[in-house]
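Asks: Return atomic coordinates for the entry below.
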Amino acid sequence: MNLKAMGITFLLSMLPIIELRGAIPVGITQGLSVSQAFTIAIIGNLLPVPLIIIFIRKIFTWLRKKSIGLNNLVIRMEKKAESKKKIIEKSEWWGLVLIVAIPLPGTGAWTGSLVAAMLDMRLSRAFPAIALGVTIAGIIVMFITYGACLIV
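Replies: You can find the predicted model right below:
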């Protein structure tokens, strides 16, 4: 069992932007099986979701008071969430799944959680949609990565 590779995969999957779309390929290249990398990345990617949904508004309020630079960061993050908000308002639960499931920059569990928080979605409604989206994104990344590994 490669604990170092597992830890790296887990931690990478928790990070915004990288999330599981970066963690799964790294885990596989570090010697994890495809299923190990997939499972660890899913768990790591979902871990911050409840915290983001529950606390992000309070964190944003606190950051706004700390400095102009942090306030500008909050404004950028809110604009990003606002740009995705229309999809969720139109398609509701499935819109949230879609935003999270597409494994491209600007999508993922962090973005989905931020948008859910901005829309005041309850954790009990948002988390299953985000979990399904993360699983779909993980499957897509897993197949892309596994296919690339077969070619190399």
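
Asks: so how far is Gly69 from the residue nearest the centre of the chain?
Replies: Centre of the chain computed as the mean C-alpha position; nearest residue by CA atoms, centre = their mean is Ala109, 2.4 Å away. Taking CB to CB, to the nearest Å as the criterion, Ala109 is separated from Gly69 by 25 Å. From N, CA and C alone the C-beta is placed, and that goes for glycine too.

Asks: what do you get for Tyr146?
Replies: Tyr146 is 41 Å from Gly69, where distance means CB to CB.

Asks: the more surrounded of these two?
Replies: Under the neighbour definition other CB atoms under 10 Å, Tyr146 and Gly69 were set side by side, and Tyr146 has more, 16 against 9.

Asks: and the more buried one, what element?
Replies: In this assignment (DSSP states H and E), Tyr146 forms part of helix 123-151.

Asks: Mind giving me the packing neighbours of that helix?
Replies: For helix 123-151, the elements it packs on are helix 19-29, helix 34-46, helix 49-66, helix 68-101, helix 109-118, judged by 3 or more CB pairs under 8 Å, 6 or more residues apart in numbering; DSSP states H and E.
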